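*Asks:* give me coordinates for this.
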Amino acid sequence: MLFNSIEFLFFLPIVFGMYYVLPHKYRWALLLLASYYFYMSWKPEYIALIIISTLIDYLCGNQLEKKEGKYPRKLFLWISLLSNLGILMTFKYLGFFQEIVNELLILMDFGGSENGLNLILPMGISFYTFQTMSYTIDVYNRKIKPEKHLGIFALFVTFFPQLVAGPIERASNLLPQFRKKIQFDYQDISSGMKLIAWGLFKKVVIADRLSVFVDTVYNNPHDYNGIPLIIATVFFAFQIYCDFSGYSDIAIGIAKMFGFNLMDNFKRPYHAYSISDFWSRWHISLSTWFRDYCYIPLGGNRVVKWRWYYNLFITFLISGLWHGANWTFIAWGAFHGVLLVIELVLKMKDTPRNSFIKRFRVLLTFTLVCLGWIFFRASNLSDALYIITNLFVNIPGDIITIITNVDFGRSHELYLNQDKWVFIIAVMSILGMELIHLLQRHYSLRQKLNQFPLIVKWPIYYLFVLIIICFGIFDKSQFIYFQF
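*Replies:* Below you'll find the model as predicted:
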């Protein structure tokens, strides 16, 4: 993938340089060509799916404006939705449903087919499918006007910074920006580069380093119990956050350098005091998408209580399925749906006023989220259940072993069979990130840096880049959410 290779270091500056040289009226074409090239560097033939989706939604959107009758408009809405969902279901879920049917046939002694359908999942299909679906639904509801320019609409579908892993943009935010005349702005360039650097730090210094520990345990979970499982689970919580929010920061930063503003996708989610607060901070573009296009159409909270709880649970069940064709993702979505219903029943949604209670609830929320991540990361439900039931097995023995081990370098329970210094770097990186998150609650560090004199801030920039180079892992690891 271009995004994971050295080619990207040449790709981005070339596109960036040409962008500000070209007249405004040609810039959309450059960005569209760059976006197609970016995606085709993975598998050229799969660009056909994006083009098909683009043409269908473009035509349906314009027909929705022309048609006045209820049924003709619904017809074009359903053509768009079924086309997008049909492509998504075929490539992402057909094999999964085939496995379910096979298991049922075997269970009923009818036999089953051993030849499963193995289609390669198109990169980012869940993201650009949802983005185009939201456009058609908004046009149908007359919230926005359809885009008349096919090229600009195609750019909306394929804009390369957020094409393969979001944020899932709304047409009302992104489409008008493609028509805006953008001037070279040093502050935008500077802000974008800082975001890119911060995203790279989270990805290559934290996420990719933590993956070594997480993979060691989660690829063979039955070899471990107690503290190793707890450490690996907590590490995965930070791995997936740094991996995905790192991508979002890079995407938002690149877009910023071209003069575009993408929506924030994360707001310190592990500082949340409840599960509902967590979902207002985590993968915001997706959670708000499900709120607007699934939860509210089901009736939202403007129904009787049991139906309200049902709407919430079903929305998160679908959200789990969106993440992947595996029972583990469905269980993860159901787990969060149940937690949110319990939260409503116990009336724990409001912000705690007492600081001690708030800190306790932040810790409780993080613990529950980590338990949910077990389903998300485990290879299957059997592994997930083993990990959950063995998290607290032999804890006293593990603690005694760690404390009495004079040479901490040999403490395999603590370091998960990895080098002690690799473990220390991983922990210190997490602590450093969380310290920055705490500071960001009070003010923007990027704005603070801008106020420093050049003699102070440039050494800080160089030091940060040096940290990324020295402590980063550059083995072309893909972003986790590329698989979705």
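*Asks:* burial count for residue 335?
*Replies:* Residue 335: 22 surrounding residues under other Cβ atoms under 10 Å. (Glycine included, C-beta is placed from N, CA and C.)
*Asks:* mind listing the helices for the stretch 251-400 of the chain?
*Replies:* 275-279, 284-290, 296-298, 305-323, 327-345, 355-377, 381-390, 395-404 (DSSP state H, counting those that start in this stretch).
*Asks:* tell me where the model's unsure across the stretch 301-450 of the chain.
*Replies:* Counting by pLDDT under 70, the stretch 301-450 of the chain has low-confidence residues at 349, 396-414.
*Asks:* that older thread, most tightly packed of the helices of the stretch 251-400 of the chain?
*Replies:* helix 275-279 (a mean of 22; mean count of other Cβ atoms under 10 Å).
*Asks:* show me what that helix is packed against.
*Replies:* helix 327-345, helix 355-377 (3 or more Cβ pairs under 8 Å, 6 or more residues apart in numbering; DSSP states H and E).
*Asks:* still on that earlier bit, tell me which of the helices of the stretch 251-400 of the chain lies nearest to residue 49.
*Replies:* helix 305-323 (17.4 Å; Cβ to Cβ).
*Asks:* how about the secondary structure of the residue nearest to residue 127 when sequence neighbours are not counted?
*Replies:* Spatial nearest neighbour of residue 127, excluding adjacent residues (Cβ to Cβ, 6 or more residues apart in numbering): residue 166 at 5.0 Å. Three-state assignment for residue 166 (DSSP: H, G, I helix; E, B strand; the rest coil): coil.
*Asks:* sorry, back to before: got the helices and strands packed on helix 275-279 as CSV, with distance to residue 189 columns?
*Replies:* Listed next are the helices and strands packed on helix 275-279 as CSV, based on distance: least, Cβ to Cβ, whole Å:
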stretch, distance to residue 189
helix 327-345, 39
helix 355-377, 36
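*Asks:* picking that back up, out of the helices of the stretch 251-400 of the chain, the one nearest residue 36 is which?
*Replies:* Between the helices of the stretch 251-400 of the chain, helix 284-290 lies closest to residue 36; by Cβ to Cβ that is 22.5 Å.
*Asks:* could you export that closest one as CSV, CA atoms only?
*Replies:* Only the C-alpha atoms of helix 284-290 are listed here, as CSV (Å, rounded to 0.1, in the frame of the first residue of the first chain):
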residue,chain,number,x,y,z
ILE,A,284,-16.7,10.3,16.3
SER,A,285,-17.4,10.2,12.5
LEU,A,286,-18.7,6.7,12.7
SER,A,287,-20.6,7.0,16.0
THR,A,288,-22.4,10.1,14.7
TRP,A,289,-23.1,8.4,11.4
PHE,A,290,-24.9,5.5,13.2
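*Asks:* on that earlier part again, how about the helices of the stretch 251-400 of the chain in a markdown table, adding distance to residue 470?
*Replies:* Converted to a markdown table, these look like this (distance: least, Cβ to Cβ, whole Å):
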| stretch | distance to residue 470 |
| --- | --- |
| helix 275-279 | 33 |
| helix 284-290 | 32 |
| helix 296-298 | 48 |
| helix 305-323 | 34 |
| helix 327-345 | 35 |
| helix 355-377 | 28 |
| helix 381-390 | 33 |
| helix 395-404 | 28 |
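*Asks:* for residue 451, find the nearest of the ones you listed.
*Replies:* Using Cβ to Cβ, the helices of the stretch 251-400 of the chain put helix 284-290 closest to residue 451, at 28.3 Å.
*Asks:* packing partners of the closest one?
*Replies:* Contacts defined by 3+ Cβ pairs under 8 Å, 6+ apart place helix 284-290 against helix 125-140, helix 305-323.
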